[in-house]
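Participant: Mind folding the following:
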Amino acid sequence: MPPPSRSLLWLGLVLGAVCASRGPAAPGNATDPLNVLLIIVDDLRPSLGCYGNKLIRSPNIDQLASRSLLFQNAFAQQAVCAPSRVSFLTGRRPDTTRLYDFNSYWRVHAGNFSTIPQYFKENGYVTMSVGKVFHPGISSNHSDDSPYSWSVPPYHPSSEKYENTKEFQKLYPLENVSLAPDPQVPTGLPLVAYNPWMDLRQREDIQALNLSVPYGPIPADFQRKIRQSYFACVSYLDTQVGRLLSALDDLQLASSTIVAFTSDHGWALGEHGEWAKYSNFDVTTRVPLMFYVPGRTAPLPVEGEKFFPYLDPFDSVSEVPEPGRQTGDLVELLSLFPTLAGLAGLHVPPRCPIPSFHMELCREGRNLLKLFEDHGEEEEPHVRSNPRELVAYSQYPRPADSPQWNSDKPSLEDIKVMGYSIRTVDYRYTVWVGFNPQEFLANFSDIHAGELYFVASDPLQDHNVYNDSQGGTLPQSFMP
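Facilitator: Sure thing, here's the model as predicted:
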């Protein structure tokens, strides 16, 4: 007998674009399976009110956070779109999907791995995709992984008419926009680690500045304009999230829908003299992550109550809602797969063996379900595991030991060095080692460079003390 029909609503939001979808309104009760709404934002770092940013106006996302379990230290596994999305949608690390660029499809290149929406679909859910969920192009078989992942063809609304929207910049007068707190290249940063932001340099307005390559800094006034535009995009995005969430109220679905909100990776806005993503620093790998689970992270709404009323970021009286439950545990986006499955009441896929290329359904991420347990009002609402046992891994490829024209986005065949990075509560440690793209093998005996930053004394990761430490000795916990 097939499982009961369920609904899984999927959403991808690109900064500056409108992408929204509604699930079917259906009567339900406390025993009905929960719907799932996953909001994936492109290029969003945790520059939000709910993450302590006093400048950013994001009242609707902050409202969601106030009713969610919010993760303060969530990290992507590679700071570029296609590899990151394929990684967390399959629950596999980039070294398993073997996708480090945009030019291959994992089902034929590495393994016929299941995905989060595919798993829900196979368990009786109707799955739908709107906007950018999988990365378009070869990495999703030019089909957004249809028909495997989706019950109906994915929908990509045009966003071109929103490209020149300027009104949200009024929220951020240039005189209020500061520069990055650490705009200089970190002390002792190895050449291989630097992101030369070549795609940004291809813009006509950037080319007109005649900057030296690769380190030429952008003039301060232009930096403020870039940061202003990014912040404006965040507030525009917030309005779309607000309209989407208010639709849950209108359809009386707020009490029967899990909402997860995250981003594929972060974004540098002048920190370390870098722009965009393409590195292993926290600023590019750390992402927002929150889960609203009705009845668990917030009380069930009473009949007629607006749980997610739309909030206008232009309303000067809007204040950041009181934060909900938070945890400082280090977590990886790989945990999306097992955690969403567990929250929805599905069997959590087993941990993958090593190697796992011939195993279609398994996950390499930790199940975070225990973090949603109610510990009572008198206890701290944080995870009670030993924080020093928790780690988050990321990696980034390079074509050479010094910045090149293709350093930010090397094709697979051009990768010569891989930077493997481990983030713990105490430090970020990165080692750059030789990499064979034909065999997909890293040679940890061939160390090209290293980075070591201590969180307590250097939270922005500005002072590389790798050469002051014990050279190339890897911590025992380095390899995932």
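Participant: what packs against the helix or strand containing Gly328?
Facilitator: Taking DSSP states H and E as the criterion, Gly328 maps to strand 325-332. The helices and strands touching strand 325-332, judged by 3 or more CB pairs under 8 Å, 6 or more residues apart in numbering; DSSP states H and E, are strand 69-75, strand 392-398. All C-beta spots, glycine's among them, are computed from the backbone N, C-alpha and C.
Participant: Determine which stretch of those is the most buried.
Facilitator: Mean neighbours per residue, mean count of other CB atoms under 10 Å, is largest over these for strand 392-398, with a mean of 27.
Participant: Show me the contact partners of that strand.
Facilitator: The contact list for strand 392-398 (CB atoms under 8 Å, 6 or more residues apart in numbering) reads 73-80, 93-95, 100-101, 192, 278-280, 285, 330-332, 407, 410, 415-423, 432, 435, 480.
Participant: what angle do that strand and strand 69-75 make?
Facilitator: Relative orientation of strand 392-398 and strand 69-75, computed by axes from the mean of the first three to the mean of the last three CA atoms, to 10 degrees: 40 degrees.
Participant: Report the distance from strand 392-398 to the chain centre.
Facilitator: In terms of CA atoms, centre = their mean, to the nearest Å, the centre of strand 392-398 is found 14 Å from the chain centre.
Participant: pLDDT on it, on average?
Facilitator: Average pLDDT, strand 392-398: 98.
Participant: neighbouring strands for that strand, and are they parallel or not?
Facilitator: Applying DSSP bridges, strand 392-398 is found paired with strand 417-423 (antiparallel).
Participant: re earlier: run the angle between the strand holding Gly328 and strand 392-398 for me.
Facilitator: Using the same axes, to 10 degrees, one finds that strand 325-332 and strand 392-398 are set 40 degrees apart in direction.
Participant: after strand 325-332 comes which helix or strand?
Facilitator: Proceeding N to C from strand 325-332, the next assigned helix or strand is helix 336-343, under DSSP H and E.
Participant: what sits up against the strand holding Gly328?
Facilitator: 68-77, 289, 297, 365-366, 368, 371, 381-383, 385, 387, 390-393, 423-425.
Participant: CA atoms of stretch 127-142 as CSV?
Facilitator: Provided in CSV are the C-alpha atoms of stretch 127-142 (Å, rounded to 0.1, in the frame of the first residue of the first chain):
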residue,chain,number,x,y,z
THR,A,127,7.9,17.9,-4.7
MET,A,128,8.0,21.2,-6.5
SER,A,129,10.9,23.5,-7.4
VAL,A,130,10.7,27.3,-8.0
GLY,A,131,13.8,29.3,-8.9
LYS,A,132,17.4,28.3,-8.3
VAL,A,133,17.5,25.1,-6.3
PHE,A,134,19.9,22.9,-8.2
HIS,A,135,22.4,24.9,-10.2
PRO,A,136,21.3,25.2,-13.8
GLY,A,137,23.3,23.6,-16.6
ILE,A,138,25.4,20.5,-16.8
SER,A,139,25.6,20.0,-13.1
SER,A,140,21.9,19.3,-12.9
ASN,A,141,21.7,17.6,-16.4
HIS,A,142,20.1,20.7,-17.9
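Participant: Buried residues of it, list them for me.
Facilitator: Residues of stretch 127-142 classed as buried by neighbour count (16 or more other CB atoms under 10 Å): 127-136, 139-141.
Participant: residues near Asp250, how many?
Facilitator: Residues near Asp250, counting by other CB atoms under 10 Å, number 12.
Participant: right, and the helices and strands packed on strand 325-332 - which one's nearest Glu303?
Facilitator: With CB to CB, the closest approach to Glu303 among the helices and strands packed on strand 325-332 belongs to strand 69-75: 24.8 Å.
Participant: Report the angle between whatever helix or strand comes next after the closest one and strand 325-332.
Facilitator: Next along the chain after strand 69-75, taking DSSP H and E as the criterion, comes helix 81-90. Taking the same axes, to 10 degrees, one finds helix 81-90 and strand 325-332 inclined to each other by 110 degrees.
Participant: residues making contact with the very next helix or strand once past helix 81-90?
Facilitator: Counting by DSSP H and E, the next helix or strand C-terminal to helix 81-90 is helix 94-97. Here helix 94-97 makes contact (CB under 8 Å, 6+ apart) with 77-78, 83, 86-87, 90, 100, 106, 110-111, 113, 352, 355-357, 364, 395, 440, 442.
Participant: 7 Å instead, please
Facilitator: The set of residues external to helix 94-97 that reach it, using CB atoms under 7 Å, 6 or more residues apart in numbering, is Gln77, Gln78, Pro83, Val86, Ser87, Thr90, Tyr100, Trp106, Ala110, Ser356, Glu364, Gln395.
Participant: and that helix, how far out from the chain's middle?
Facilitator: Mean C-alpha position of helix 94-97 versus that of the full chain (CA atoms, centre = their mean) differs by 17 Å.
Participant: I'd like to know how many residues surround the closest residue to Leu191 other than its chain neighbours.
Facilitator: Counting by CB to CB, 6 or more residues apart in numbering, Ser402 is the residue found nearest to Leu191 once chain neighbours are left out, at 4.2 Å. By the criterion of other CB under 10 Å, Ser402 has 13 neighbours.
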